[in-house]
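Participant: Okay, here's the prediction I keep looking at, along with the sequence it came from:
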Number of protein chains: 2
Amino acid sequence: MVFKKEDPKKALKELGDKLIYQINKGKNPEITFPLRNLSNIVYDSKSKTLKLGDKMGTRSFFNVAHAKKFLQTVEVAAVIKDKLLGSGKHSSLRDVFYMTKRTIPGTNVNLVDEQTESDKAIEDLEVITGLSREELHVNANKNGSVAGKVIIEDKGDIIDWSRLGSGGWAIPSNVENIKFKKVEAKYIIYMEKAAVWERLNEDKYWAKNNAIIISSQGQTTRGIRRLLQRLYEEYELPIYVLCDGDIYGAYIYSVIKYGSIALAHASERLTIPGVKYIGITMDDVEKYDLKKHFIKLDEKDYARIKQVSEYDWFKDNKAWQRQFKMMKEFKAKVEIQALSARDISFVSEKYLPDKIKNKEFLD
Amino acid sequence: MVFKKEDPKKALKELGDKLIYQINKGKNPEITFPLRNLSNIVYDSKSKTLKLGDKMGTRSFFNVAHAKKFLQTVEVAAVIKDKLLGSGKHSSLRDVFYMTKRTIPGTNVNLVDEQTESDKAIEDLEVITGLSREELHVNANKNGSVAGKVIIEDKGDIIDWSRLGSGGWAIPSNVENIKFKKVEAKYIIYMEKAAVWERLNEDKYWAKNNAIIISSQGQTTRGIRRLLQRLYEEYELPIYVLCDGDIYGAYIYSVIKYGSIALAHASERLTIPGVKYIGITMDDVEKYDLKKHFIKLDEKDYARIKQVSEYDWFKDNKAWQRQFKMMKEFKAKVEIQALSARDISFVSEKYLPDKIKNKEFLD
């Protein structure tokens, strides 16, 4: 019962129809779908993404261990079908939780008590229908800004990303329905820090280098990942990731490239195998004389280096293993902003243009 | 030596000139400015803001306890004057730290070792010159989105906040130089949650109610506070704050209205005495049947209620004291999104319009 990508309302209706068919046949209604637990999450070295394996699970109504989860899945499907897709409106995970949170009539039992329950039901529906949360109108967090020579159409508005002053366009949580009208830019720099974005924007890096600059503040939201992926797939734009020179930067990069364990079921929709890491690298330390700006690693950092370096998608990657080794040898990390010590615009006038010219990336 | 608001470069040059004058006179060079420590932070019930008191401090060069701080203040002033104001570029606190981080020639002593040192020097310069960080080209965090019938000019771009699709304009960290070209909107809703902003934006709340909707995600940045304040002062737009019904929501509101201890020296530039709290209130619990969506308070919540309720600006405020009492009686808090349980667009179609029509605010 794994549907192909199609009309979301139709997909949910088909799910309901199958259950009704089973009920009318006097059968125990059940739903079958790929398991999402750790034992069924595999790194596919061919597609270079974290994916769900072949193990399937079944959830049936007349089973004390399944009944509540079964109901939750069906209820969330109904809420999404009628209240979200039916009205054309979008919602957050938290809102869906409140929309499904009700007491089952004639009992003291709540359909959901915690948001994790409705969240899991939404993930179920993603794997059952083959549709993303966003296609089911359940949005993730909103964060981030973008600027560059791109014109889009969104909700009837024509928006020119090169005419938005010092702020840029605020990236919505859901970018499924934006239309690219004109994409002049030739590549994308995605950076983890909004302050660096503001530096590049003030220096008009995107105009001078015909690039798109995108930043979150902290975590890369699903909205940003989908925006990056759409530009990569629809316009074949190279994407370069700019992070602090530390293990957390490496992980931010790896999530964009290979996916994450929590979202393995959505890899196809979120990962970008071609993305490259532009810096800060441990080689930059010598090259740009950054040693004096070292920040000492602590126990947590070392533990994280060990953990990340052993991930399937990193363990055979020599270039990255060399980076991890250097991190441990240096006993230190270094921030993007350390480049400011050389010159306020060093990052936009020298560092990035040189790296791109010399194709100095980590893969 | 407290300057009036004027040309930032001139203000910093005057500071340097005075020091040179003292040196040429054979005097111990010193800087005098209002103290920023807790003992000198007072709540001014007349202006309804947290302010610095009258206590002044002196920092002189030939004083072992002052020498390093004196040097840091002068060095940061030089970096700001030459590298930021001189080039017309802006920077973050972190960047200024790296720009000032150097070893004093002939010694093993770094001018600054920790960012807190350069941060404090920047605060010194704010009180010495009477200028804000933003006017000194040191930006705070970038966060937040805005939509509504407003047209601005920024960096030569004309930006219409009503034509930016599902994303809105990304608010920059520094809004000092944006020009309002046309402000049709009649009031502002500021909300703490980006998901609620997306709800209001999708429902075109700002178009239907001729309002401006602004949101951060978490903390209200200085950029957002200045944007709110400028619209409040320059266009006399009422501002209504929409937060979760809990003590943290009350505090978010109070920071916008009265200021914060950490930024007491910048109150004049950041506080908005006329701002009002629209919800969620403890009275909404009965009115909108939100009891079933209660989230139990924990020890931390109770401690915070006690602390906030005793703040100078809240302790004589009967309406708020009643709210705090109800929080404790309910033993619970309630989120904005609990309104979604009634209907996905309840917040934009019923809750907010009713509150505004009936002028149901907390002051």
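Facilitator: Everything's here; your move. Residues are numbered from 1 along each chain as shown, chains lettered A, B, ... in the order given.

Participant: pLDDT score for A:Lys5?
Facilitator: Predicted confidence (pLDDT) for A:Lys5: 54.

Participant: Would you quantify the distance from A:Phe97 to A:Pro353?
Facilitator: 47 Å (Cβ to Cβ, to the nearest Å). C-beta: built from backbone N, CA, C; applies to glycine.

Participant: and the stretch 251-363 of chain A, which residues reach chain B?
Facilitator: By Cβ under 8 Å from any Cβ of the partner chain, the part of the stretch 251-363 of chain A that sits against chain B consists of A:Lys292, A:His293, A:Glu335, A:Gln337, A:Ala338, A:Leu339, A:Ser340, A:Ala341, A:Ile344, A:Ser345.

Participant: same thing but 7 Å
Facilitator: A:His293, A:Gln337, A:Ala338, A:Ser340, A:Ala341, A:Ile344, A:Ser345 (Cβ under 7 Å from any Cβ of the partner chain).

Participant: Would you mind measuring from A:Ala303 to A:Ile295?
Facilitator: 17 Å.

Participant: mind checking the SS state of A:Ala78?
Facilitator: The assignment at A:Ala78 comes out as helix when based on DSSP: H, G, I helix; E, B strand; the rest coil.

Participant: Count residues in the vicinity of it, would you?
Facilitator: 14 (other Cβ atoms under 10 Å in any protein chain shown).

Participant: got it, and A:Leu228?
Facilitator: 24.

Participant: looking at it, A:Ala250 is touching A:Val308, isn't it?
Facilitator: Yes. Using Cβ atoms under 7 Å, A:Ala250 is in contact with A:Val308, at 6.1 Å.

Participant: of those two, who's got more company?
Facilitator: Each of A:Ala250 and A:Val308 has its neighbours counted (other Cβ under 10 Å); A:Ala250 has more, 26 against 18.

Participant: what packs against the helix or strand the more buried one falls within?
Facilitator: Using DSSP states H and E, A:Ala250 maps to helix A:247-258. Other helices and strands packing on helix A:247-258, by 3 or more Cβ pairs under 7 Å, 6 or more residues apart in numbering or on different chains; DSSP states H and E, are strand A:239-242, helix A:299-309, helix A:312-315, helix A:318-330.

Participant: C-alpha coordinates for that helix, CSV please?
Facilitator: Included here for helix A:247-258 are C-alpha records, laid out as CSV according to Å, rounded to 0.1, in the frame of the first residue of the first chain:
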residue,chain,number,x,y,z
ILE,A,247,32.6,19.0,13.2
TYR,A,248,29.2,20.7,13.4
GLY,A,249,29.9,22.4,10.1
ALA,A,250,30.8,19.0,8.6
TYR,A,251,27.5,17.6,9.9
ILE,A,252,25.4,20.4,8.5
TYR,A,253,27.0,19.7,5.2
SER,A,254,26.4,16.0,5.4
VAL,A,255,22.7,16.4,6.2
ILE,A,256,22.2,18.5,3.1
LYS,A,257,24.2,16.0,1.0
TYR,A,258,23.2,12.6,2.4
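
Participant: Give me the residues contacting that helix.
Facilitator: A:48-50, A:192, A:220, A:225, A:228, A:241, A:243, A:271-273, A:275, A:277, A:301, A:304-305, A:308, A:313-314, A:320, A:323, A:327 (Cβ atoms under 7 Å, 6 or more residues apart in numbering or on different chains).

Participant: and these, which are buried?
Facilitator: For these, a neighbour count by 16 or more other Cβ atoms under 10 Å in any protein chain shown gives the buried set as A:48-50, A:192, A:220, A:225, A:228, A:241, A:243, A:271-272, A:275, A:277, A:301, A:304-305, A:308, A:313-314, A:320, A:323, A:327.

Participant: A:Asn110 against A:Thr103, yeah?
Facilitator: Yes. In terms of Cβ under 7 Å, A:Asn110 counts as a neighbour of A:Thr103; the distance is 5.4 Å.

Participant: These two: which is more packed in?
Facilitator: Neighbours were counted for A:Asn110 and for A:Thr103 using other Cβ under 10 Å; A:Asn110 has more, 15 against 11.

Participant: Tell me which residues touch the closest residue to A:Ile171 other than its chain neighbours, please.
Facilitator: Among residues not flanking A:Ile171 along the chain, A:Gly144 sits closest, at 4.2 Å (Cβ to Cβ, 6 or more residues apart in numbering or on different chains). By Cβ under 7 Å, 6+ apart, A:Gly144 lies in contact with A:Ile171, A:Ile214, A:Ser215, A:Ser216, A:Thr221, A:Ile224.

Participant: switch to 10 Å and redo it
Facilitator: A:168-173, A:190, A:194, A:197, A:214-221, A:223-224, A:227, B:142-143, B:145, B:167, B:170 (Cβ atoms under 10 Å, 6 or more residues apart in numbering or on different chains).

Participant: swap in A:Ile295?
Facilitator: A:Asp244, A:Gly245, A:Asp246, A:Asp301, A:Ala332, A:Lys333, A:Val334, A:Glu335, A:Ala338.

Participant: separation between the closest residue to A:His137 other than its chain neighbours and B:Arg199?
Facilitator: In this structure, A:His137 finds its nearest non-sequential neighbour in A:Leu84, 3.9 Å apart by Cβ to Cβ, 6+ apart. For A:Leu84, the distance to B:Arg199 equals 12 Å [Cβ to Cβ].

Participant: so what sits against both of the two?
Facilitator: With Cβ under 10 Å, 6+ apart as the test, A:Leu84 and B:Arg199 both reach A:His90, A:Ser91, A:Asp95, A:Asn139, B:Ile344.

Participant: thought A:Lys359 was touching A:Tyr187?
Facilitator: No. With contacts counted by Cβ atoms under 10 Å, A:Lys359 stays clear of A:Tyr187, the gap being 11.5 Å.

Participant: Comparing these two, which shows the higher neighbour count?
Facilitator: Taking other Cβ under 10 Å, A:Lys359 and A:Tyr187 do not tie; A:Tyr187 has more neighbours (16 against 8).

Participant: just to revisit the earlier point, pLDDT on the helix or strand following the helix holding A:Ala250, on average?
Facilitator: Using DSSP H and E, the helix or strand that directly follows helix A:247-258 along the chain is helix A:267-270. The average pLDDT within helix A:267-270 is 83.

Participant: Tell me which other helices or strands helix A:267-270 touches.
Facilitator: Helices and strands touching helix A:267-270, by 3 or more Cβ pairs under 10 Å, 6 or more residues apart in numbering or on different chains; DSSP states H and E, are strand A:41-44, strand A:49-52, helix A:222-235, helix A:247-258.

Participant: Thanks a lot, catch you later.
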